[in-house]
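Colleague: need a structure here:
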Amino acid sequence: ALFDRFSGFLESLSFTIVDIKTDTGLITAEYNKPESSVWDSIWGVDVAQLHIEEGQYKILVSKTKEGGT
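Modeller: Prediction:
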């Protein structure tokens with residue numbers, strides 16, 4: 001369930017999931033900055049832009065000592 005929720009969260013931030021390895025907790029995702037348009041300002045859509053470079057990222061999901069992720 002964590003990978004489904006976290007994948008959805010990443011996609012809402014303009015990441016495209018490339019690969020998920022649930023056995024190792026490794027997510028490979030591609031980030032492309034969203035383009036804002038005039039329509040976004042008219043409809044009040046707030047497109048989140050992260051202050052990172054476009055490209056491929058590897059995200060490791062693991063357990064903490066307390067048992068969380």
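Colleague: which residues touch the residue nearest the centre of the chain?
Modeller: Of all residues in the chain, the one closest to the mean position by C-alpha atoms, centre = their mean is Leu10, 1.9 Å from it. Each residue near Leu10 by C-beta atoms under 8 Å, 6 or more residues apart in numbering is listed here: Ile17, Ile27, Ala29, Ile59. Every residue, glycine included, has its C-beta placed from N, CA and C.
Colleague: and it, which of the three is it?
Modeller: helix (DSSP: H, G, I helix; E, B strand; the rest coil).
Colleague: How about Asp4?
Modeller: helix.
Colleague: Burial check on it, number of neighbours?
Modeller: 9 (other C-beta atoms under 10 Å).
Colleague: Asp19 versus that one, what's the distance?
Modeller: Distance, Asp4 to Asp19, by C-beta to C-beta, to the nearest Å: 15 Å.
Colleague: ok, now Gln49?
Modeller: 24 Å.
Colleague: Looking at those two, which is more packed in?
Modeller: Counted by other C-beta under 10 Å, Gln49 and Asp19 do not tie: Gln49 has more neighbours, with 12 against 9.
Colleague: Doesn't that one belong to a helix?
Modeller: No: checked against three-state DSSP, Gln49 lies outside a helix; its state is coil.
Colleague: isn't it right next to Lys33, touching?
Modeller: Yes: assessed by C-beta atoms under 8 Å, Gln49 is found in contact with Lys33 at 5.7 Å.
Colleague: Find the residues that touch each one of these two.
Modeller: In contact with both Gln49 and Lys33: Ser14, using C-beta under 8 Å, 6+ apart.
Colleague: element containing Thr24?
Modeller: Under the criterion DSSP states H and E, no helix or strand holds Thr24.
Colleague: What is the neighbour count of it?
Modeller: 10.
Colleague: Contact partners for the spatially closest residue to Thr22 that is not a sequence neighbour?
Modeller: Closest residue to Thr22 in three dimensions, ignoring its sequence neighbours and counting by C-beta to C-beta, 6 or more residues apart in numbering: Phe3, at 5.9 Å. For Phe3, the contact set (C-beta under 8 Å, 6+ apart) comprises Ile20, Thr22, Ile27, Val61.
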